[in-house]
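1. after the sequence you'll find the predicted model.
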Amino acid sequence: MLLTTFFPLSADEGMWIPLLIEKYNIKLMQEKGFKLTAEDIYSVNQASMKDAVLQFGGGCTGELISSQGLLITNHHCGFSQIQRHSSIEHDYITNGFWAMSAQEELACPGLTITILKWMEDVTDQVLNGVTDDLDASERDERIRNNMTVIQKKAVEGNNYRASVRPFFMGNQYFLFVNETFRDVRLVGAPPSAIGKFGGDTDNWVWPRHTGDFSLFRVYADKDNKPAEYSEDNVPYKPAYSFPLSLKGVKEGDFTMVFGYPGSTAEYVPSYHIDMFKNYINPKIIDIRTRKIEIINEGMNSDPLVRIQYSSKVAGISNAWKKWIGEIQGLEKMNTIAGKQEYEAKLTEWIENNESNRLKYNNILPAYKNLYEGLKVYNLVSYYTTEAIFGVEAINFSGVIRSLIELYEKNSPAEMIAAEKENLIAASKGFFRNFNQGIDKKLFVALMKMYDENLEQEWHTPEFTRLKNSVKGNFDGVADKIYGKSIFTDEIWFNSFIAGFNAKSVNKVKKDPLYKLSNDAGNFLSLKVRPELSRLSLEIQKLNKDYMTVQMEFDKDRIFYPDANSTLRVSYGNVKGYFSRDAVYYTHYTTVKGIIEKDNPEIYDYDVPDRLKELYVNKDFGRYIQNGEVPVCFVANNHTTGGNSGSPVINAEGHLIGINFDRAWEGVASDMAYNPEQSRNISLDIRYVLFIIDKFAGAGYLLDEMQIIE
């Protein structure tokens, strides 16, 4: 009763395990309008939706939308691939890309997609031999050893990959067996003026008018199995692909999001939220603000720099803006005070029972002590990484460490030659998207911030030596360092690597950027991470007990596990919301809103002429709602990072949208779900089809889709 009083579970809150939908969720889903069964969502006996949902790359979701391996994800998820294929001559970022035949599809080396084959509860096997008397490190080692055995057994006799992941803070464990495909090709992407419309200004904001999608195709060998890229490969034939619905959405419609949410922390103590809200994130926000200012200045003055840095600045700014909104949301909901009130009630419940006192009385006091140390070491780790390794040339210099080690170990000549080739290949990708002038400005700005905003006792020794030698004048030393270092020019670097010999080792060790990189790496490895690891392991052990006591405290509540990059289901309804007093946002936007935002003077709001022409001529085809083409809609599904690109599914199991963001007012839902304002933002599938068909003239792609009128 106390738990539900202070932290009520909203009917639309939660990221649920597909395997357990039948047990915990399907009746409520059907009451909310879902017309299918749990077996339609997840099954190992028949084709189901889970066979069409995939992990795209390392951090997004995608879904299969044809029997020919065509998949759709967000534009921002595919952006690094779009950027990689772009040049001044072929600027796919600005102009978009559309393969008008299979032969024009572009290979994406290194890009993988992963599909779940099955999952199962392996808690008993993982915790075999794990007892309460083990210390944190012993417990962790035994669990890891057990997990290794389970994973190895799961992939015997097949080509799958397996992983075991903890749930409920280590109280439960599930095995995931996956199939990974390595031949993925770019099929289509709208220009950034559509796919990234509104840019960072509109990011995390509703109303939204961003056509955030891109298309890829999965290829397999002749037996429909994963294979390395080959011209002989054929389009993958999935067990299931989503039908696409033109019926649209209206307020109150059932929606389900199926994907790979990254990380949430719904059950942590108040100390955890305080650490990030008041101690770490404000400082990281400041340093990223400066990075964004410097990079944007360069991008606005040079088209090549825009191509080089678009993906980078998007990665920096996405979390930056999210953290800002998260702090505001946690403050608005008074989350820390609410957690503290709950902890006081929980403490009272524990102290009123002798058995509970023996088992749980030390949890919250121990948390307090551990977080005092953890917040310091976390800040040092985060800030050193953001400042020192936020300078690209410093970060890049670390690639040579492996070559140095080969020389110092007198390794065979063929191993050294192979490593030289690897480094020269790596340099091509790095320098292709590197601007020395911008990096030099980042060096000066970040060294100053590192000096001013981190206590001197946590400065790396090499930074301190450099600072003292130049008397803090980083402006004055930047030209000299960048004019001397081999890591700031592709020709210098490749020439140096080609002629690398035993004498070169000492020269590298004197390079100012390498010295900063190597010293910072050693500093983190030797002074910071061991203690950070120790504290984290102690907290992990407490977390298990803290989750247990919460479940005992409220036995009637059905808990959902925190997100951990495994396949999950969330469900809710299409729903607008009050943003603030007297301001109500309806549930969808249209192309009309894009035209209203048009501003050729601002890159992110420069609407393409072709889209304006279609709008003026009302050439909307079959993709209209109330006389307009819909663009985006909001619902109250519980989502987080990693859900980008997730399919949004209606009551009939048809694809109606592509999830891509959350509304600013509810972005704190990673730690505190706000049912009044937590909204996921999705791209309406009708706008996707409109752009493919009417804007791009790639209607042939629609022929391989199952479109429900």
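-> Yes, it's here.
2. quick one, strands of the stretch 451-600 of the chain?
-> Using DSSP state E, counting those that start in this stretch, the strands found in the stretch 451-600 of the chain span residues 568-573, 577-580, 583-585, 588-590.
3. nearest to Ile93, out of the ones you listed?
-> Comparing the strands of the stretch 451-600 of the chain by their distance to Ile93 (Cβ to Cβ), the top pick is strand 588-590, with 23.5 Å. Backbone N, C-alpha and C define where each C-beta goes, glycine included.
4. how about low-confidence regions in the protein?
-> Residue ranges of the chain with pLDDT under 70: 1-11.
5. quick one, domains of it?
-> For the chain, the structural domains run 13-250, 270-547, 568-687, going by automatic domain parsing.
6. next one: the longest helix seen in the chain to chain centre, how far?
-> Using DSSP state H to define each element, the chain has its longest helix at helix 303-332. When C-alpha coordinates are averaged (Cα atoms, centre = their mean, to the nearest Å), helix 303-332 and its chain have centres 12 Å apart.
7. output the next helix or strand after that helix as PDB, restricted to C-alpha atoms.
-> As assigned by DSSP states H and E, the chain's next helix or strand after helix 303-332 is helix 335-351. Output of helix 335-351 as PDB, limited to C-alpha atoms (Å, rounded to 0.1, in the frame of the first residue of the first chain):
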ATOM      1  CA  THR A 335      11.600  13.200  -7.500                       C
ATOM      2  CA  ILE A 336      14.400  13.200  -5.000                       C
ATOM      3  CA  ALA A 337      12.100  14.300  -2.200                       C
ATOM      4  CA  GLY A 338       9.600  11.700  -3.200                       C
ATOM      5  CA  LYS A 339      12.200   9.000  -3.200                       C
ATOM      6  CA  GLN A 340      13.400  10.200   0.300                       C
ATOM      7  CA  GLU A 341       9.800  10.000   1.600                       C
ATOM      8  CA  TYR A 342       9.400   6.500   0.200                       C
ATOM      9  CA  GLU A 343      12.700   5.500   1.800                       C
ATOM     10  CA  ALA A 344      11.500   6.800   5.200                       C
ATOM     11  CA  LYS A 345       8.400   4.700   4.900                       C
ATOM     12  CA  LEU A 346      10.400   1.700   3.800                       C
ATOM     13  CA  THR A 347      12.800   2.100   6.700                       C
ATOM     14  CA  GLU A 348       9.900   2.200   9.100                       C
ATOM     15  CA  TRP A 349       8.500  -1.000   7.600                       C
ATOM     16  CA  ILE A 350      11.900  -2.700   8.000                       C
ATOM     17  CA  GLU A 351      12.400  -1.600  11.600                       C
END
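8. what helices or strands is helix 335-351 leaning on?
-> If contacts are counted by 3 or more Cβ pairs under 8 Å, 6 or more residues apart in numbering; DSSP states H and E, helix 335-351 sits against helix 2-6, helix 270-274, helix 354-360, helix 363-387, helix 529-553.
9. burial-wise, tell me which of those helices comes out on top.
-> helix 270-274 (a mean of 20; mean count of other Cβ atoms under 10 Å).
10. that older thread, in the longest helix of the chain, what's buried?
-> For helix 303-332, burial by neighbour count (16 or more other Cβ atoms under 10 Å) applies to 305-314, 316-318, 320-327, 329-330.
11. what helices and strands are in contact with that helix?
-> Counting by 3+ Cβ pairs under 8 Å, 6+ apart, helix 303-332 packs on helix 75-84, helix 92-95, helix 199-202, helix 281-301.
12. which other residues reach the first one?
-> With contacts defined as Cβ atoms under 8 Å, 6 or more residues apart in numbering, helix 75-84 is touched by 56-57, 59-60, 62, 92-93, 97, 106, 108, 111, 186, 189-190, 192, 195-196, 210-214, 216, 307, 310-311, 314, 318, 433, 644-645, 660.
13. pull the distance from it to the chain's centre.
-> 14 Å.
14. could you dump it to CSV, C-alpha only?
-> Output in CSV follows, covering the C-alpha atoms of helix 75-84 (Å, rounded to 0.1, in the frame of the first residue of the first chain):
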residue,chain,number,x,y,z
HIS,A,75,17.2,8.6,-40.1
HIS,A,76,19.3,9.4,-37.0
CYS,A,77,20.0,5.6,-36.5
GLY,A,78,21.2,5.3,-40.1
PHE,A,79,22.9,8.7,-40.2
SER,A,80,26.5,7.4,-39.7
GLN,A,81,26.1,5.2,-42.7
ILE,A,82,24.5,8.0,-44.8
GLN,A,83,27.4,10.3,-43.7
ARG,A,84,30.0,7.6,-44.5
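15. ok, residues contacting stretch 227-242?
-> With Cβ under 8 Å, 6+ apart as the test, stretch 227-242 has contacts from 47-49, 51-52, 63-70, 102, 107, 109, 115, 181-183, 217-222, 224, 647, 649, 653-655, 706.
16. buried ones among those?
-> Using 16+ other Cβ under 10 Å as the burial test, the contacts of stretch 227-242 include 48-49, 51-52, 63-66, 68-70, 115, 181-183, 217-220, 647, 649, 653-655 as buried.
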